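have a look at this fold, sequence not included:
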């Protein structure tokens, strides 16, 4: 195949002329370029949102509803095999457990939130929440798993959530999963029991 040097020189000359007078796209070409740039920018901002504006949550069942707590406040999930009830404490405190030599209280948030009770089974777990000042367990009927949730997808509340539940609400997903505000639970003085028995 022979090279057409005349055509190549013509194209180079045409490119030089365009370069000298500056690139001036037609209106259609400009619109096409701007649309392409908008698509790329939207994809980049969406990627940034996924990385920066999402939270990892531990999902669990509670009174036939799906709940979640932010993973950064979860120390571990512990089986509820040896729970010791303590007399004379508020009804929302289920009892205490020994986690490798550390005694922690377990809060039954179903009672704390006035949810229907289901009774304890082998599936029940204690989700150990922690902060720099305090650690305690919250009762879960069963553990579902871990997933990432975009913060901009969280709704502030649902009409069915009222009273004490709404105070501890970080948001509700479009699948109606309730994300609890673990930080708020950990600093709430009404959960800390300081009674003399």
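Now that the structure is in, tell me what you want to look at. As the structure is a prediction and not an experimental result, all values here were calculated from the model.

where do the strands of this protein begin and end?
Along the chain, counting by DSSP state E, strands occupy 54-62, 65-70, 74-79, 93-99, 102-107, 125-130, 135-140, 142-150, 169-172, 178-180.

can I get those in TSV including mean neighbour count, distance to residue 36 and mean pLDDT?
Backbone N, C-alpha and C define where each C-beta goes, glycine included. What follows is the strands of the chain, written out as TSV (neighbours: other Cβ atoms under 10 Å; distance: least, Cβ to Cβ, whole Å; pLDDT from 0 to 100):
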stretch	mean neighbour count	distance to residue 36	mean pLDDT
strand 54-62	19	27	92
strand 65-70	20	38	92
strand 74-79	15	43	93
strand 93-99	18	56	90
strand 102-107	18	54	91
strand 125-130	21	47	94
strand 135-140	22	48	92
strand 142-150	14	26	92
strand 169-172	19	35	87
strand 178-180	23	37	90
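
can you tell which of those strands is closest to residue 85?
Nearest to residue 85 among the strands of the chain is strand 93-99; the distance by Cβ to Cβ comes to 4.3 Å.

run through who's touching that closest one.
For strand 93-99, contacts defined as Cβ atoms under 8 Å, 6 or more residues apart in numbering pick out 76, 78, 80, 82-86, 103-108, 126, 128, 137, 139, 193.

and that strand, how far from the chain's centre?
Taking Cα atoms, centre = their mean, to the nearest Å, the mean C-alpha location of strand 93-99 is offset from the chain mean by 27 Å.

same check on stretch 31-48?
Counting by Cα atoms, centre = their mean, stretch 31-48 is centred 27 Å from the centre of its parent chain.

stretch 182-191 now?
Centroid separation for stretch 182-191 versus its chain: 18 Å, with Cα atoms, centre = their mean.

what are the buried residues along that stretch?
182-183, 185-186, 191 (16 or more other Cβ atoms under 10 Å).

redo these as JSON lines? Include pLDDT.
JSON lines is the format used below for the buried residues of stretch 182-191 (pLDDT from 0 to 100):
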{"residue": "182", "pLDDT": "90"}
{"residue": "183", "pLDDT": "90"}
{"residue": "185", "pLDDT": "86"}
{"residue": "186", "pLDDT": "88"}
{"residue": "191", "pLDDT": "70"}
